[in-house]
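J.: everything below, folded, please.
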Amino acid sequence: MKDAGSIMLKIRLVTLDGSKAANPPQNVPDLNSQGQLGDHCIGYGQEMDTYKQSPITWKVKASDQGSNRSHVTFLFRYRSPGEF
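T.: Predicted structure coming up:
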């Protein structure tokens, strides 16, 4: 079985600690300038109007300051299409 990579998502419990200024918006990278033929990739789909970014965001702190453990962890593994 050929493993093409994985993504691990860890979710921690946090406590709301006010608000802060949002990061500046970033440009979407050009997909044509990345990777090589046969690489795995995702697309962005059709462009559409959406809401503008809010000028503020939440400021949070870990609920359990003494621990580095996550509340829940998801592991997504990717394989070549022929491996299914």
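J.: now for residue 46, how many residues are close by?
T.: Residues lying near residue 46 (other Cβ atoms under 10 Å) number 5. The way it works is simple: take the backbone N, C-alpha and C, and place the C-beta from them, glycine included.
J.: show the pLDDT at it.
T.: What the model reports for residue 46 is a pLDDT of 84.
J.: in the sheet, which strands lie alongside the worst-scoring helix or strand of the chain on mean pLDDT, parallel or antiparallel?
T.: Taking mean pLDDT, DSSP states H and E as the measure, the helix or strand of the chain with the lowest value is strand 3-11, at a mean of 86. Paired strands of strand 3-11, with direction, are strand 72-79 (antiparallel) (DSSP bridges).
J.: for the record, mean pLDDT for the strand it pairs with?
T.: On average, strand 72-79 scores 89.
J.: neighbours around residue 66, how many?
T.: Residue 66 has 6 neighbours, counted by other Cβ under 10 Å.
J.: need the three-state assignment for it.
T.: Per DSSP: H, G, I helix; E, B strand; the rest coil, the local secondary structure of residue 66 is coil.
J.: quick thing: my sequence starts at 29, can you match it?
T.: In the new numbering, first residue 29, that becomes residue 94.
J.: report the contact partners of it.
T.: Listed by Cβ atoms under 8 Å, 6 or more residues apart in numbering, residue 94 has no contact partners.
J.: and it, what's its pLDDT?
T.: 79.
J.: how far away is it from residue 33?
T.: Remark: distance between residue 94 and residue 33 (Cβ to Cβ, to the nearest Å) = 33 Å.
J.: now residue 96
T.: Residue 96 is 24 Å from residue 33, where distance means Cβ to Cβ.
J.: residue 43 now?
T.: 33 Å.
J.: what's the answer for residue 97, then?
T.: 24 Å.
J.: just residue 92 next, same as before
T.: In this view, residue 92 and residue 33 are 30 Å apart by Cβ to Cβ.
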